[in-house]
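Participant: What follows is a predicted structure for the sequence shown.
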Amino acid sequence: MSAPVLIFDSGVGGLSVARSLALRHPDIAQCYACDNAWLPYGVRDDVTLSERILAVCRAAVAACGAGALVVACNTASTLALDRLRATLPIPVIGTVPAIKPAALASRTRHIGLLATTATVNRPYTQNLIERFASDCRVSRIAADPLVVQAETWLAGGDIDRDRVSRALAPLWQATATSPALDTVVLGCTHFPLLKPVLEALAPVPLGWVDSGDAIARRVADVAAHCTGRRDGRCFTTAAADHLVAGFAEFGFTHPRRLALP
């Protein structure tokens with residue numbers, strides 16, 4: 001068996017990254033782990049959460065014999081990426097909001113950052129804006145309800161379009177300003193799972209940019225040794241029978257409970 005790339009997230013959002021990686025590099029084996037017992041991460045204090053991320057990632061890397069780790073979560077990346085790289089003997093790839101490619105793509109120089117409250121407010125996000133979008137107007141929209149909608153959808157439930165529309169009202173308003181917003185950063189890995197709904201609800205055509213392709217390219221650069229047959233193993237930290245069918249749609253097996261120290 002090959003040493004797969006492990007994709008880690010607090011919930012199912014990392015499946016959007018798994019999809020991008022599979023499309024670009026179907027020869028790279030993958031496994032998946034999510035800390036659904038602690039979902040959502042945004043309500044935890046940083047110190048406790050950092051320790052939790054380290055513990056879950058270490059256990060998941062050992063469980064699947066990973067040859068590389070993708071931290072497919074903005075919160076986890078900002079809190080624990082350096083420590084993971086210092087303690088794990090494999091490449092570790094983090095996730096950041098795709099502000100740079102969005103700024104490059106925008107014609108009006110007005111972009112939207114659609115993310116969780118934690119990501120919208122982190123100094124790290126402000127630093128990205130200053131570095132890569134200093135000539136742009138950036139409308140920041142905290143849309144935490146979309147995380148729940150993505151989790152519900154993957155579990156086979158219906159998306160509440162009214163709730164999504166209410167969460168995105170500030171984004172739609174920004175498309176009617178001058179200059180009009182024309183490009184949106186999907187700054188949480190859960191959000192690309194809802195992209196067809198977002199496109200259908202948008203009042204005008206918009207460019208939607210996420211981190212999936214950039215992560216896939218980075219994995220190919222540092223994890224060429226992870227080629228082989230698709231692995232497909234899946235690990236969770238709490239019961240996940242309601243997610244079995246959703247995981248299967250992305251090529252992952254029935255989730256197994258991860259043993260934590």
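Facilitator: Looks like it came in fine.
Participant: Using the record's domain definitions, break this structure down for me.
Facilitator: Following automatic domain parsing, the chain resolves into domains at 5-95+213-257, 99-210.
Participant: Tell me which of the ones you listed sits most buried.
Facilitator: Among the domains of the chain, domain 5-95+213-257 has the highest mean neighbour count (mean count of other CB atoms under 10 Å), at a mean of 20. From N, CA and C alone the C-beta is placed, and that goes for glycine too.
Participant: which stretches of the stretch 101-250 of the chain form strands?
Facilitator: Using DSSP state E, counting those that start in this stretch, the strands of the stretch 101-250 of the chain run over residues 110-115, 137-142, 183-186, 207-209, 234-236.
Participant: Any chance of the ones you listed in TSV with distance to residue 149 and mean pLDDT as columns?
Facilitator: Below are the strands of the stretch 101-250 of the chain laid out as TSV (distance: least, CB to CB, whole Å; pLDDT from 0 to 100):
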stretch	distance to residue 149	mean pLDDT
strand 110-115	13	97
strand 137-142	14	96
strand 183-186	13	98
strand 207-209	16	97
strand 234-236	20	97
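Participant: if we compare those, which one ends up closest to residue 79?
Facilitator: Nearest to residue 79 among the strands of the stretch 101-250 of the chain is strand 110-115; the distance by CB to CB comes to 15.1 Å.
Participant: ok, of the domains of the chain, where does mean pLDDT dip lowest?
Facilitator: The minimum mean pLDDT among the domains of the chain belongs to domain 5-95+213-257 (a mean of 92).
Participant: which residues sit in contact with the spatially most central residue of the chain?
Facilitator: In the chain, the residue lying closest to the centroid (CA atoms, centre = their mean) is residue 189, at 2.2 Å. For residue 189, the contacting residues are 9, 13-14, 16-17, 72-74, 95, 210-212, by CB atoms under 8 Å, 6 or more residues apart in numbering.
Participant: cool, residue 150 as well?
Facilitator: Counting by CB under 8 Å, 6+ apart, residue 150 has contacts 11-13, 190-191, 193-194.
Participant: Look up the closest residue to it, ignoring the ones flanking it.
Facilitator: Closest residue in space to residue 150, ignoring its immediate chain neighbours: residue 190 at 4.0 Å, by CB to CB, 6 or more residues apart in numbering.
Participant: Hmm, the one you found is touching residue 144, no?
Facilitator: No - counting by CB atoms under 8 Å, residue 190 sits too far from residue 144 to count as a contact (9.9 Å).
Participant: Is the closest residue to residue 94 other than its chain neighbours part of a helix or strand, or is it coil?
Facilitator: Distances taken as CB to CB, 6+ apart place residue 77 nearest to residue 94, at 3.7 Å, with adjacent residues excluded. Under DSSP: H, G, I helix; E, B strand; the rest coil, the three-state class of residue 77 is helix.
Participant: Now do the same contact list for residue 77.
Facilitator: When contacts are counted by CB under 8 Å, 6+ apart, residue 77 touches 71, 94-96.
Participant: go on, residue 159?
Facilitator: Neighbour list for residue 159: 149, 152-153, 194, 197 [criterion: CB under 8 Å, 6+ apart].
Participant: gap between it and residue 152?
Facilitator: The gap separating residue 159 from residue 152 is 7 Å, by CB to CB, to the nearest Å.
Participant: Also residue 201?
Facilitator: Computed as CB to CB, the residue 201 to residue 152 distance reads 16 Å.
Participant: What of residue 170?
Facilitator: Taking CB to CB, one finds residue 170 at 22 Å from residue 152.
Participant: cool, and residue 225?
Facilitator: For residue 225, the distance to residue 152 equals 37 Å [CB to CB].
Participant: now swap in residue 130 and tell me
Facilitator: 35 Å.
Participant: quick one on the thing from earlier: mark which of the contacts of residue 189 are part of helices, please.
Facilitator: When DSSP state H defines the helices, the subset of the contacts of residue 189 inside them is 14, 16-17, 74, 212.
Participant: can you redo these as a markdown table with distance to residue 81?
Facilitator: Shown next, in a markdown table, are the ones in helices among the contacts of residue 189 (distance: CB to CB, whole Å):
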| residue | distance to residue 81 |
| --- | --- |
| 14 | 15 |
| 16 | 19 |
| 17 | 15 |
| 74 | 10 |
| 212 | 18 |
